[in-house]
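how would this look folded up:
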Amino acid sequence: MAASGRPGASHPMICCPDHPEAMLIEDHRAGDQICSDCGLVVGDRVIDVGSEWRSFSNDKNTADPSRVGGPENPLLDGCDLSTIVGPSTSGPAYGMAGAGMPADGATAYRNRRTMSSSDRSLLNAFKEIANMGEKINLPRSLLEKANALFKEVHTSRALRGRSNDAIASACLYIACRQDGVPRTFKEIVAVSTINKKEIGRCFKLILKALETSVDLITTSDFMFRFCSNLGLDNKVQRAATHIASTAGDLDIVCGRSPVSVAAAAIYMATQASEAPRSPAEIGDILGVAEITIRQAYRLMHPRAKELFPPGFVFARSLESLPAS
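This is a model prediction of the structure:
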């Protein structure tokens, strides 16, 4: 029991009729308020607002202080107070283990029965998006945007019949583009179980169905990350950025993808620096074919003098740059 403040302070409506100025004692176990002078119970059903931590973890050795279950997911259709039963830690599950099915299998079976097929599809897609995002180090806010995009596509049923994994991959690619941290198609394909062609189809269908758009990607969107992956210094990065930007302004590489132009610009900048890199080495790190880098570089090489930034210190002269 704990003594409360005076009735006029903490309990203005409750006091002892015989001793109105007496302190009230709160019995949290019984939920009563008792007069400290005469012992009269003057109030009941007191709510205990103190901590009441319990462990909801299946592992008894793991501390899991929580008063409630998992957070509500507004993206799921069945967003109510229903409970999904976790795997049993001892004994057969409702007698199904004795029929040749393990306890955790019985739990999974019950969960499949209680969860709608729509929510199962959403959860599987969200899990796939989370797995792909983790592999390429994407922030949680971007993954949530991809989840919301998948939910919108799923609700519209515009891509009915298409693979959910392909839709999830396309949604992640679109979210990256819309969030200003674009990834190449090859990077998404590398962490997805779906081929590039199918992801590309879903990408176009989603943009059409949702009447949304994405900003055009440029070489500057990839340059910092590409140079960091190659371990290049700031001098080479600035030169490569200027080369790629100027080549685009002069329409030297018209029709080439920004990724291949960025790779070719990096190749040209490194060839004029103290640490030259080969197209094969650059292609392995950036995921661009060696022949693609060479083709873009051949277009840029004749006008190399115009492409390098003013004041660039050449470790090798322009005349000594390789022709391809």
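
contacting residues for the residue nearest in space to the middle of the chain?
The chain has Leu143 as the residue nearest its centroid, 2.7 Å off, counting by Cα atoms, centre = their mean. Contacts for Leu143 were tallied using Cβ atoms under 8 Å, 6 or more residues apart in numbering; they are 129-130, 133, 172, 175. Bear in mind the C-beta positions are built from the backbone N, C-alpha and C, glycine included.

next, it: secondary structure please.
Following DSSP: H, G, I helix; E, B strand; the rest coil, the label given to Leu143 is helix.

tell me where the stretch 101-250 of the chain has helices.
Using DSSP state H, counting those that start in this stretch, the helices of the stretch 101-250 of the chain run over 103-114, 117-135, 140-156, 164-178, 185-191, 196-209, 220-230, 234-249.

out of these, which comes closest to Phe312?
Taking Cβ to Cβ, helix 234-249 is the member of these nearest to Phe312, at 5.5 Å.

pLDDT on the helix or strand that the closest one is followed by, on average?
Per DSSP states H and E, the first helix or strand lying C-terminal to helix 234-249 is helix 258-271. The predicted model gives helix 258-271 an average pLDDT of 92.

could you name the helices and strands sitting against helix 258-271?
Where contact means 3 or more Cβ pairs under 8 Å, 6 or more residues apart in numbering; DSSP states H and E, helix 258-271 is packed against helix 220-230, helix 234-249, helix 279-286, helix 290-300, helix 304-307.

redo these as JSON lines? Include mean pLDDT, distance to His19 and mean neighbour count.
Below are the helices and strands packed on helix 258-271 laid out as JSON lines (pLDDT from 0 to 100; distance: least, Cβ to Cβ, whole Å; neighbours: other Cβ atoms under 10 Å):
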{"stretch": "helix 220-230", "mean pLDDT": "88", "distance to His19": "75", "mean neighbour count": "18"}
{"stretch": "helix 234-249", "mean pLDDT": "92", "distance to His19": "80", "mean neighbour count": "19"}
{"stretch": "helix 279-286", "mean pLDDT": "90", "distance to His19": "83", "mean neighbour count": "17"}
{"stretch": "helix 290-300", "mean pLDDT": "93", "distance to His19": "91", "mean neighbour count": "19"}
{"stretch": "helix 304-307", "mean pLDDT": "90", "distance to His19": "93", "mean neighbour count": "15"}
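
ok, back up a step: can you tell me which of the helices of the stretch 101-250 of the chain is most buried?
When you average the neighbours per residue for each of those (mean count of other Cβ atoms under 10 Å), helix 164-178 leads with a mean of 24.

and for that helix, what's in contact with it?
121, 124-125, 128-129, 132-133, 138, 142-143, 145-147, 149-150, 153-154, 159, 182-183, 185, 188-189, 192-194, 198-203, 206-207, 212, 214-215, 217.

hey, C-alpha coordinates of that helix in PDB?
Output in PDB follows, covering the C-alpha atoms of helix 164-178 (Å, rounded to 0.1, in the frame of the first residue of the first chain):
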ATOM      1  CA  ASN A 164       4.300 -10.400 -56.800                       C
ATOM      2  CA  ASP A 165       8.100 -10.600 -56.600                       C
ATOM      3  CA  ALA A 166       8.500  -8.800 -60.000                       C
ATOM      4  CA  ILE A 167       6.000  -6.100 -58.800                       C
ATOM      5  CA  ALA A 168       7.900  -5.700 -55.500                       C
ATOM      6  CA  SER A 169      11.200  -5.300 -57.400                       C
ATOM      7  CA  ALA A 170       9.700  -2.700 -59.700                       C
ATOM      8  CA  CYS A 171       8.200  -0.900 -56.800                       C
ATOM      9  CA  LEU A 172      11.600  -0.800 -55.000                       C
ATOM     10  CA  TYR A 173      13.200   0.600 -58.200                       C
ATOM     11  CA  ILE A 174      10.500   3.300 -58.600                       C
ATOM     12  CA  ALA A 175      10.800   4.200 -54.900                       C
ATOM     13  CA  CYS A 176      14.600   4.600 -55.300                       C
ATOM     14  CA  ARG A 177      14.100   6.900 -58.300                       C
ATOM     15  CA  GLN A 178      11.400   9.000 -56.600                       C
END
